[in-house]
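**Student:** Could you work out the structure for the sequence below:
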Amino acid sequence: AIGYHLPVYYTTDDYYKAIVFNTLVGAGTESLLFKKIREELSLVYFIGSSYDNHKGSFMIYSGINQDEFTKVKNEIDIILTNVKDSNYSDKSLSIAKKTIINGAIEALDSNGSLIARILNLSLFDKEPDIDKLIEEINKVSKEDVAYIANKLTLDTTFFLRNDQYE
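**Tutor:** Below is the predicted model:
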């Protein structure tokens with residue numbers, strides 16, 4: 001697990017950019033991390049990312065063979081550098097946006113998701129507005145995603161290994 005400080009919170013203007021950043025980088029099977037490190041290079045059992053908009057944190061997590069740690073870490077660094085430099089396909093960005101929008105629309109059919117969303121919004125005195133979410137997600141550009149990626153500060157690396165220090 002690699003933890004980063006990402007000072008972008010739910011109440012900030014950069015919130016939607018951070019959601020797109022997270023989805024593009026590692027939140028799903030169409031993400032850059034999954035496509036490259038899991039599918040193309042077969043270096044991990046699983047890999048993904050999460051963004052906590054209340055704590056201002058971003059986490060990359062994976063299951064790896066301990067002998068592959070350096071290779072995996074280097075590939076993660078390359079992918080993050082590519083995102084900072086907007087060096088990825090327009091299609092990847094489009095898929096990330098569609099993933100977010102489709103998930104939000106799908107959540108409208110789930111009572112549990114609706115309750116969680118309304119509770120979360122009520123903490124900030126906001127109303128649910130799917131149209132605003134779609135509009136804001138669609139506005140996010142490669143430059144916006146690079147801006148968010150450049151806000152990352154490495155905080156913690158946790159590596160569980162099977163040796164005498166375990």
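
**Student:** and stretch 89-99, how far from the chain's centre?
**Tutor:** Remark: stretch 89-99 is offset 13 Å from the chain centroid, using Cα atoms, centre = their mean, to the nearest Å.

**Student:** I meant to write stretch 120-137 there.
**Tutor:** 19 Å.

**Student:** what do you get for stretch 125-140?
**Tutor:** How far stretch 125-140 lies from its chain's middle: 18 Å, per Cα atoms, centre = their mean.

**Student:** buried residues in the helix or strand of the chain with the lowest mean pLDDT?
**Tutor:** In the chain, no helix or strand scores lower on mean pLDDT, DSSP states H and E than helix 111-122, which sits at a mean of 75. If you call a residue buried by 16 or more other Cβ atoms under 10 Å, then helix 111-122 has these buried ones: Arg117. To be clear about C-beta, it is placed using only N, CA and C from the backbone, and glycine gets the same treatment.

**Student:** Roughly how far does the residue most central in space within the chain sit from Ile137?
**Tutor:** In the chain, the residue lying closest to the centroid (Cα atoms, centre = their mean) is Asn22, at 1.8 Å. With distances taken as Cβ to Cβ, to the nearest Å, Asn22 is found 12 Å from Ile137.

**Student:** In the protein, where's the longest helix?
**Tutor:** Determined from DSSP state H, the single longest helix within the chain is helix 90-107.

**Student:** Can you show me the CA trace of that helix as CSV?
**Tutor:** Taking C-alpha atoms only, helix 90-107 is exported to CSV below (Å, rounded to 0.1, in the frame of the first residue of the first chain):
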residue,chain,number,x,y,z
ASP,A,90,-8.0,10.6,-24.5
LYS,A,91,-9.9,7.4,-24.6
SER,A,92,-8.6,6.5,-21.1
LEU,A,93,-9.9,9.9,-19.8
SER,A,94,-13.2,9.4,-21.5
ILE,A,95,-13.7,5.9,-20.0
ALA,A,96,-12.9,7.2,-16.5
LYS,A,97,-15.5,9.9,-16.9
LYS,A,98,-18.1,7.5,-18.3
THR,A,99,-17.4,5.0,-15.4
ILE,A,100,-18.1,7.7,-12.8
ILE,A,101,-21.3,9.0,-14.5
ASN,A,102,-22.6,5.5,-15.1
GLY,A,103,-21.9,4.5,-11.5
ALA,A,104,-23.7,7.6,-10.3
ILE,A,105,-26.8,6.9,-12.5
GLU,A,106,-26.8,3.3,-11.4
ALA,A,107,-26.6,4.3,-7.8
